[in-house]
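# Dropping the sequence and predicted coords here.
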Amino acid sequence: MEGSIKASVNYAKAQQLLESDALYAKHFGVSVGGGSSSRTIRFHDVIRALIKPFLGDNHLPQYDQERFSETLSAIHKDFDSSLIVTEEITPLFGFHSEEKVISLGDRLTIEELPVERIGELLKRGTPIAFHLNAHHASMVYSFAIKRTKITEKTFGGLSGHRENETISDDLIISALQLYKRGTVFPVTRLSRTLSFFGAGEAFSHGAFRPGLESTYRLSSAESKNFLKLWEQILPISSNLPKYLKVALRRFSQARLRPDTEDRIIDLLIAAEAVFLSSDGGNYQGEIKYRLAHRAALFLGETSDEKRNVFETFKQAYNVRSAIVHGSTQKLPARNGEKAISLSDFENSIAVHIQRAIIKIIQNRPDLEKIATIDWDGLIFPDTETPGSADVA
């Protein structure tokens, strides 16, 4: 068919017409694109795009004037525009929301993908479903992080302005894991240009697909509450202190690990980041005691609460040490009865660390105030730091 089209008189006339048009001529024979994608355009690419909508897999070509006009108008609009729009999606394995779109910022959302897009992903083998056999899936995860990027159209290379990504997929996943317990994995990132100048779809592999227990569900009310937390994280997201980055990352990783012992190790690393490294890393002395003491001061409201947090983190440090060194773990008893399970103990640690990270974010919205934590000020709240008073 392609040969017969090129041999026609109308093809030659159309080619001469477009190649003599200044707008189209400057696009032909050079690399055109924006951001990280470009392609070299020739006249026949325009003709191929015009007839593609009429070529079906199971029927002869059927011409439709209205559809032809819409396709031609869209192509002309892309040639005429000085901008290139790129869509990036990261499918989320395990995620479901009652809200179909959750807005996280300018041109950044978590949203349910259209059925056609889900079909495309399944055809290409993107792991977004559990398969019962080759033809049926038991569950399909249809939500993804979606970014829309707008860049200047470039000719002859990719020297145009590219947007810096300050909000990473990892930060979004960490915020979701911080908000509530559950498992959600970024599967892969797919990028495609939403114009005539797109060079196909690029993708990069993400985390390994988890098991059947992977699930993270947000009700409409939970989505609204998550956004309140997200709005507190967002202003400081580009300059998080190192201790808070470590704490968020390790807490998130703990949520995703299938093994309870591995989760406890990650949680204690997060705890050390919050309660020890947050003073600038200059702590000295017995680590277990200092960790438990600071956690109690930071999280406890009453004397009983402080004592409970203090004992929990002392025991947590002992359990972490036993796991790392391969020795027997001694778990605390509950109400004088038998020792609690390792899973229950891990959950109690996670709740405390979750509270601590959220408290830092909520009570210290000013980036300068969360760079370090004044632990001496927490211990002696009604006194001045030595050397801070004016000298008469």
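Nice, I can see it. Residues are numbered from 1 along each chain as shown.

# Which parts of the stretch 151-300 of the chain are strands?
Read by DSSP state E, counting those that start in this stretch, the stretch 151-300 of the chain holds these strands, from start to end of the chain: 154-155, 185-186, 188-193, 201-205, 216-218.

# For Glu112, which non-adjacent residue is spatially closest?
Using Cβ to Cβ, 6 or more residues apart in numbering and skipping residues adjacent in sequence, the residue nearest Glu112 is Lys100, 4.7 Å away. Just so you know, the C-beta spots here come from the backbone N, C-alpha and C atoms, and that holds for glycine as well.

# what number of residues lie near Leu234?
When counting by other Cβ atoms under 10 Å, one arrives at 17 neighbours for Leu234.

# Domains of this structure: list them as residue ranges, please.
Domain segmentation of the chain under automatic domain parsing yields 17-54+82-218, 240-379.

# so can I have a markdown table of those domains showing mean neighbour count and mean pLDDT?
Written out in a markdown table, the entries for these read as follows (neighbours: other Cβ atoms under 10 Å; pLDDT from 0 to 100):
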| stretch | mean neighbour count | mean pLDDT |
| --- | --- | --- |
| domain 17-54+82-218 | 16 | 82 |
| domain 240-379 | 17 | 84 |
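
# Next, format the ones you listed as a markdown table and append distance to Asp64.
Conversion of these to a markdown table gives the following (distance: least, Cβ to Cβ, whole Å):
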| stretch | distance to Asp64 |
| --- | --- |
| domain 17-54+82-218 | 7 |
| domain 240-379 | 49 |
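
# Which stretch among those approaches Ala7 most closely?
Distance to Ala7, taken as Cβ to Cβ, is lowest for domain 17-54+82-218 among the domains of the chain, at 12.5 Å.

# measure the residue nearest to Glu112 to Ile145 for me?
Lys100 sits at a distance of 14 Å from Ile145 (criterion: Cβ to Cβ, to the nearest Å).

# if I've got this straight, Glu337 is in a strand?
No: with DSSP: H, G, I helix; E, B strand; the rest coil as the criterion, Glu337 is located in coil rather than a strand.

# As a check, name the ranges of all strands in the stretch 1-150 of the chain.
Taking DSSP E, counting those that start in this stretch to define them, one finds strands in the stretch 1-150 of the chain at 31-34, 37-40, 83-93, 95-97, 101-105, 108-112, 129-131, 137-140, 143-152.

# What pairs with the second one, parallel or antiparallel?
What that stands for is strand 37-40. Using DSSP bridges, the strands paired with strand 37-40 in its sheet are strand 31-34 (antiparallel).

# Grab the nearest non-local neighbour of Ile287.
Here the nearest residue to Ile287 in space, its sequence neighbours aside, is Leu276; by Cβ to Cβ, 6+ apart that works out to 6.9 Å.

# what about the one you found, distance to Ala350?
From Leu276 to Ala350 the distance is 18 Å (Cβ to Cβ).

# just Ile47 next, same as before
Relative to Ala350, Ile47 is positioned 60 Å away (Cβ to Cβ).

# before we move on, what about Lys245?
18 Å.

# So what does the residue nearest to Glu112 look like in phi/psi?
phi -80, psi -20 (degrees, to the nearest 10).

# thinking again about what came up before, can you put the strands of the stretch 1-150 of the chain in CSV and add distance to Glu66?
As requested, these are exported to CSV (distance: least, Cβ to Cβ, whole Å):
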stretch, distance to Glu66
strand 31-34, 28
strand 37-40, 28
strand 83-93, 24
strand 95-97, 37
strand 101-105, 30
strand 108-112, 29
strand 129-131, 36
strand 137-140, 33
strand 143-152, 28
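
# Which among those strands is found nearest to His325?
That would be, of the strands of the stretch 1-150 of the chain and by Cβ to Cβ, strand 83-93, which comes in at 34.2 Å.

# Okay, now the sheet partners of that closest one, with direction.
When pairs are called by DSSP bridges, strand 83-93 turns out to pair with strand 143-152 (antiparallel), strand 185-186 (antiparallel), strand 188-193 (antiparallel).

# Centre of the chain to that strand, how far?
12 Å (Cα atoms, centre = their mean, to the nearest Å).

# and the angle for it with strand 108-112?
With axes from the mean of the first three to the mean of the last three Cα atoms, to 10 degrees as the basis, strand 83-93 and strand 108-112 are set at 50 degrees to each other.

# Pick out the residue nearest the middle of the chain.
Centroid check for the chain by Cα atoms, centre = their mean gives Asp169 as the closest residue, at 2.1 Å.

# do you know how far it is from Leu92?
When distances are taken as Cβ to Cβ, Asp169 and Leu92 turn out to be 9 Å apart.

# now do Asn318
Between Asn318 and Leu92 the distance is 36 Å, computed by Cβ to Cβ.

# Tyr11 now?
46 Å.

# What of Ser277?
Computed with Cβ to Cβ, the distance linking Ser277 and Leu92 is 30 Å.

# Tell me who's in contact with the residue lying closest to Tyr24 once chain neighbours are set aside.
Nearest-residue entry for Tyr24: Leu18, 4.6 Å, with adjacent residues in sequence omitted and distances by Cβ to Cβ, 6+ apart. Counting by Cβ atoms under 8 Å, 6 or more residues apart in numbering, Leu18 touches 24-25, 28, 43, 46.

# Glu201 bridge partners, please.
Taking DSSP bridges, one finds Arg192 as the beta-bridge partners of Glu201.

# if I read this right, it contacts Arg192, doesn't it?
Yes: under the criterion of Cβ atoms under 8 Å, Glu201 makes contact with Arg192 at 4.3 Å.
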